[in-house]
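In: Give the three-dimensional model of this entry:
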Amino acid sequence: PGKPRESVEDPKKTVLAKVNGISISVDDLVKEMITIAPQYVKPGQKADPSTDEKMRKEALDRLIYRELAVQEAKRQGMKAPEGAVAEEVKKIKAEMKTEDAFRQNLKKSGITEEELKRQIERNILVEMIAEKEVFGKVKLKPDAARNTVAMTLAVQNREDEWVGELKKAAGLASSFRADL
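Out: The predicted structure is shown next:
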């Protein structure tokens, strides 16, 4: 009797992957896919299933990388510099011009100011650990330092190597749901 109940999981609670016990949700994946979509799909263009799959894979890889990087930064005792998060929030508010516009933007993004601060702090930690573990360990021959292609390749190779080390240490191969 009555309507059948639909079962729709809350995307914020649906776990897609776990990184050392920390969950990555479907909601996290969707937000990351929206962030990287312009790299794959031009305005007015529709994404095909193959493009969707590429975006999904890159977005998940980015989320896993960021989580591993944040965990490693914390493991090494790194902390965002005092006042850095507040300064970043202040810049964002200034760009928005008014407190109301800032609040509307948060609402539109589906996050609270506290969540924004947490994201900013995590971004700072990712930058700090990448600076130390990637950029700080790139080895270049003296003449290659002037060559931006060589520099870019060296950084990319070191980053790939470091991410591999992090994933191996975390026991991550592919512990994510493939059905999404």
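
In: and stretch 75-83, which residues are buried?
Out: Within stretch 75-83, the residues that qualify as buried by neighbour count (16 or more other CB atoms under 10 Å) are A80. All C-beta spots, glycine's among them, are computed from the backbone N, C-alpha and C.

In: what's the span of that stretch, first residue to last?
Out: 21 Å (CA to CA, to the nearest Å).

In: Show me the contact partners of that stretch.
Out: Residues outside stretch 75-83 that contact it (CB atoms under 8 Å, 6 or more residues apart in numbering): 120-121, 124-125, 128-129, 132.

In: again, only this time at 7 Å
Out: The contact list for stretch 75-83 (CB atoms under 7 Å, 6 or more residues apart in numbering) reads 121, 124-125, 128-129.

In: In helices, which of those fall?
Out: Restricting the contacts of stretch 75-83 to those inside helices, with DSSP state H as the criterion, leaves 121, 124-125, 128-129.

In: Which one (most neighbours) among those?
Out: With neighbours taken as other CB atoms under 10 Å, the top of the ones in helices among the contacts of stretch 75-83 is I129, carrying 23 neighbours.

In: what about the closest residue to that one other than its chain neighbours, helix or strand, and which?
Out: In this structure, I129 finds its nearest non-sequential neighbour in A73, 4.0 Å apart by CB to CB, 6 or more residues apart in numbering. Of the helices and strands defined by DSSP states H and E, A73 is found in helix 49-75.
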